[in-house]
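Colleague: my questions concern the predicted model and sequence given below.
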Protein chains: 2
Amino acid sequence: MTRAAGPGVALSATTIVDRALELAEREGAAALSMRRLGRELGVDATAFYRHFRDKDELVLALADRTIESVLDRLRDITPDTGWRSALRRIADAMWQQAQEHPVVFALTFARSTGGPAERQVVEIILRTLQPLGLGAAKTVLLYRLFMDTLLALAGMGCTARTLPPEIAEKDVTAWSRVYAALPHKDFPATHKHAPALIGVTDHEIFMASVDSLITYIESQLA
Amino acid sequence: MTRAAGPGVALSATTIVDRALELAEREGAAALSMRRLGRELGVDATAFYRHFRDKDELVLALADRTIESVLDRLRDITPDTGWRSALRRIADAMWQQAQEHPVVFALTFARSTGGPAERQVVEIILRTLQPLGLGAAKTVLLYRLFMDTLLALAGMGCTARTLPPEIAEKDVTAWSRVYAALPHKDFPATHKHAPALIGVTDHEIFMASVDSLITYIESQLA
DNA sequence: ACACTGTTGTCAACGCTGTTGTCAACGCTG
DNA sequence: CAGCGTTGACAACAGCGTTGACAACAGTGT
C-alpha cells in the first residue's frame, strides 16, 4: 500500500515531531529508533528521511519544540519585572521543561538548536541582564554562567533519571548501597553524612543554585 | 589461534581499561565499540566478556580510572589547608580531569561509579566542608551543590566538545552563524552582545562558577 | 602420568541500529 | 493526457552489544 504526495500526504515534519516526542518521553531514549518511530506512525521507517536529513535533525527539532513551552511561560515577563524575579521565573521555566520532557532534555541540554524558540529565550535573558549596567564583558559572562549552570544541572539530573532501567538501578542505589556502608574508620565524614546525603533532592540543589547565582550577580553590581 | 588461561594470559581487566581509555580519547566515544576495542587488543571482540559483565561496566571502570588522577592531585590537601583553597584545588582537579579525558568525562559525569577513587574524593570534600560548622543538612546541601554544579558544567562542556564531528560543526558554529546574524529590530539585546558572547570560554565560566559557589558558602556561614 | 576442572579466547549467530538506493504510486502542472 | 516532482515501500549494508557452543590451555588431585 504505497502512499503518495500532495496535500493528502500521510506524514509531515510536525506530526513526526509530535509522535517522536510522545514516544521518547513515554518509553525512553532507547525507544526513539527509526523503526520504532515508523511503527508508531504506521509508516515505513525510512519514510522519515523524506522530511529530515538524519536523526540528529529530529533530535534538535524535539529540543526546539520543548523550548517553545519554556517561551510560553516567560510571556508575562515585562521590562518592569525586577531582574531577580525575572531570573527566578526563567529558572523555574527551565526546571519545569526538564521535568516534563526529561528524555529530550537529557538528549539536548548540551546542544544548541539555533531554532526560533531558543533565540527568543536568549533574547529575553539578555534583556533582563542588560539594564543592570555591568559592562558588556561582565554581562555576557553572567549570562553564560546563569544559563549554562542551570542547563547543566537540570540536564545532568535528567540524564541520571532517564538511564536505561537496568543501568539506572546501579546508579540510584549507589549511595545507599556503597556510601552508607563505608566504615567510620577510613571514611568518617562520609559515614556521618551518608544518611543525610541520600535525602537531598535535585530540586533543592537547583533552587540553591538559583539563589547562589543571584547572590553572585548582586555582588558584581557593587 | 586459540589462547588460554592461567598467568600467561593475554587479557586482563587492567589492560582492557588502558586500551579502552586510550582508544576513546584518541578516536571519540563512537570508536569505543567492542569490535573496535577487540581489534585494538588483537583479540576477538567477545573476549571482553570474560572480564566485564557488559559495556556499561567498562564505562564505569573508565570513569573510576580517570578519577584516580583527580585523587592524586588532592594528596597535598591537609586539615590545615583553608577550605577556600581546598575547594579551589578540588575544582581545579576536576577541570583538569575533564580536559584530559573529555570523552570519558562526557560519558560518565552524570553517573556514580561507587568505586574506590570516587569514594575518596567524596570523603575529601566532605572533610573540607565539615569543619565549617554548618548543620548536617546545610553541609550536605552545599556539598551536593558544589559537586553537582562543577560536574555538570564541566560535563556539559565535554559533551559539546566531543560530539561526532559532523554534528559538532552545526553546534559550534550556531552562535556565529545564527545569533550573530539576528536583526537589531527584533533581537536588540542578542544583536548587541553576540560578538562578545562568542568570545566567552568554558574555562572562564567554570572559574566564575567556583567564585560564585565560594561566595555562596561564605554567605551561609553568617 | 593422567584425567578432571575452571578459565579464557574464538566463532557463528541473533536482533537490533542508522542510513542509502531503487522503485512505484500518486497529485499537480503543462 | 503526458510528464514531473514528491512521498512512501522495500531490500540491503555495515555496524552495534551480546549470547551460547566449542576448543585450547594451566593447575590440581590421584
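Modeller: Yep, that arrived. Numbers count the residues shown, from 1 in each chain, chains lettered A, B, ... in the order given.

Colleague: what's the angle between the helix of greatest length in chain A and helix B:136-161?
Modeller: Counting residues, the longest helix found in chain A (DSSP state H) is helix A:136-161. Compare the direction of helix A:136-161 with that of helix B:136-161 by axes from the mean of the first three to the mean of the last three C-alpha atoms, to 10 degrees and you get 100 degrees.

Colleague: what is the mean pLDDT for the helix or strand that helix A:136-161 is followed by?
Modeller: Following the chain from helix A:136-161 toward its C-terminal end, the next helix or strand by DSSP states H and E is helix A:165-172. For helix A:165-172, the mean per-residue pLDDT is 86.

Colleague: what's helix A:165-172 in contact with?
Modeller: Contact with helix A:165-172 is made by A:160, A:161, A:163, B:56, B:111, B:112, B:114, as judged by C-beta atoms under 8 Å, 6 or more residues apart in numbering or on different chains. In this view, the C-beta of every residue, glycine as well, is placed from N, C-alpha and C.

Colleague: tilt between the helix or strand hosting the fourth one and helix A:165-172?
Modeller: In other words, residue B:56. Taking DSSP H and E as the criterion, the element that holds residue B:56 is helix B:55-73. An angle of 20 degrees separates the directions of helix B:55-73 and helix A:165-172 when computed by the same axes, to 10 degrees.

Colleague: in the helix or strand following helix B:55-73, which residues are buried?
Modeller: Next along the chain after helix B:55-73, taking DSSP H and E as the criterion, comes helix B:83-100. Residues of helix B:83-100 classed as buried: B:83, B:86-95, B:97-98 (neighbour count, 16 or more other C-beta atoms under 10 Å in any protein chain shown).

Colleague: then stretch A:134-151?
Modeller: By neighbour count on 16+ other C-beta under 10 Å, the buried set for stretch A:134-151 is A:134, A:138-151.

Colleague: so what's residue A:16 closest to, chain neighbours aside?
Modeller: Nearest residue to residue A:16, sequence neighbours excluded (C-beta to C-beta, 6 or more residues apart in numbering or on different chains): residue A:51, at 5.9 Å.

Colleague: pretty sure that neighbour is touching residue A:14, no?
Modeller: No: here residue A:51 lies out of contact with residue A:14, judged by C-beta atoms under 8 Å, at a distance of 9.5 Å.

Colleague: which one of these two is surrounded by more residues?
Modeller: Neighbour count, other C-beta atoms under 10 Å in any protein chain shown: between residue A:51 and residue A:14, residue A:51 has more, with 17 against 11.

Colleague: contacts for the helix or strand of chain A with the lowest mean pLDDT next, please.
Modeller: Sorted by mean pLDDT, DSSP states H and E, the helices and strands of chain A end with helix A:174, the least confident at a mean of 81. For helix A:174, the external contacting residues (C-beta under 8 Å, 6+ apart) are B:112, B:113, B:114.

Colleague: buried residues, the strand or helix carrying residue A:196. List them.
Modeller: Remark: residue A:196 resides in helix A:188-199, with elements defined by DSSP H and E. Of the residues in helix A:188-199, those scored as buried under the neighbour-count criterion (16+ other C-beta under 10 Å) are A:189, A:190, A:191, A:192, A:193, A:194, A:196, A:197.

Colleague: so the spatially closest residue to the last one that is not a sequence neighbour versus residue A:128, what's the distance?
Modeller: Counting by C-beta to C-beta, 6+ apart, residue A:197 lies nearest to residue B:140, which is 4.9 Å off, once chain neighbours are set aside. Distance of residue B:140 to residue A:128, computed by C-beta to C-beta, to the nearest Å: 32 Å.

Colleague: domain ranges for chain A?
Modeller: Structurally, chain A divides into domains by automatic domain parsing as follows: A:1-52, A:67-221.

Colleague: let me know which of these is tucked in deepest.
Modeller: Scoring these by mean neighbour count under mean count of other C-beta atoms under 10 Å in any protein chain shown gives domain A:67-221 as the most buried, with a mean of 18.

Colleague: residue most distant from the centroid, chain A?
Modeller: Among the residues of chain A, the one whose C-alpha is farthest from the average of all C-alpha positions is residue A:185, by C-alpha atoms, centre = their mean at 40.4 Å.

Colleague: list the contacts of residue A:153.
Modeller: If a contact means C-beta under 8 Å, 6+ apart, then residue A:153 has A:202, A:205, A:206, A:209, B:148, B:149, B:152 as its contacts.

Colleague: ok, which pair from these is furthest apart?
Modeller: When C-beta to C-beta is used, the two most widely separated members of the contacts of residue A:153 are A:202 and B:149, lying 12.0 Å apart.

Colleague: so where does the residue nearest the centre of chain A fall, helix or strand?
Modeller: Per C-alpha atoms, centre = their mean, the C-alpha nearest to the average position across chain A is that of residue A:105, at 3.3 Å. Secondary structure assigned from DSSP H and E places residue A:105 in helix A:102-108.

Colleague: list the helices and strands that helix packs on?
Modeller: If you count contacts as 3 or more C-beta pairs under 8 Å, 6 or more residues apart in numbering or on different chains; DSSP states H and E, helix A:102-108 packs onto helix A:13-27, helix A:55-73, helix A:136-161.

Colleague: ok, and the closest non-adjacent residue to residue A:202?
Modeller: Ranked by C-beta to C-beta, 6+ apart and with sequence neighbours excluded, the top spatial neighbour of residue A:202 is residue A:157, at 4.3 Å.

Colleague: thought the one you found was touching residue A:200?
Modeller: No: counting by C-beta under 8 Å, residue A:200 is not a contact partner of residue A:157; they are 11.8 Å apart.

Colleague: please tell me how far the residue nearest to residue A:197 sits from DNA strand D.
Modeller: From residue B:140 across to DNA strand D, the span is 34 Å (C-beta to the nearest atom of the strand, to the nearest Å).

Colleague: got the contact list for that residue?
Modeller: Neighbours of residue B:140 in contact, by C-beta under 8 Å, 6+ apart: A:193, A:196, A:197, A:199, A:200.

Colleague: measure the closest residue to residue A:196 other than its chain neighbours to DNA strand C for me?
Modeller: Sequence neighbours aside, residue B:140 is the residue nearest to residue A:196 in space, at 4.4 Å (criterion: C-beta to C-beta, 6+ apart). For residue B:140, the distance to DNA strand C equals 39 Å [C-beta to the nearest atom of the strand].

Colleague: can you check residue A:27 too?
Modeller: In terms of C-beta to the nearest atom of the strand, residue A:27 sits 11 Å off from DNA strand C.

Colleague: again with residue A:121
Modeller: Here residue A:121 is placed at a distance of 27 Å from DNA strand C (C-beta to the nearest atom of the strand).

Colleague: now that residue: how far from residue A:146?
Modeller: Taking C-beta to C-beta, one finds residue A:121 at 12 Å from residue A:146.
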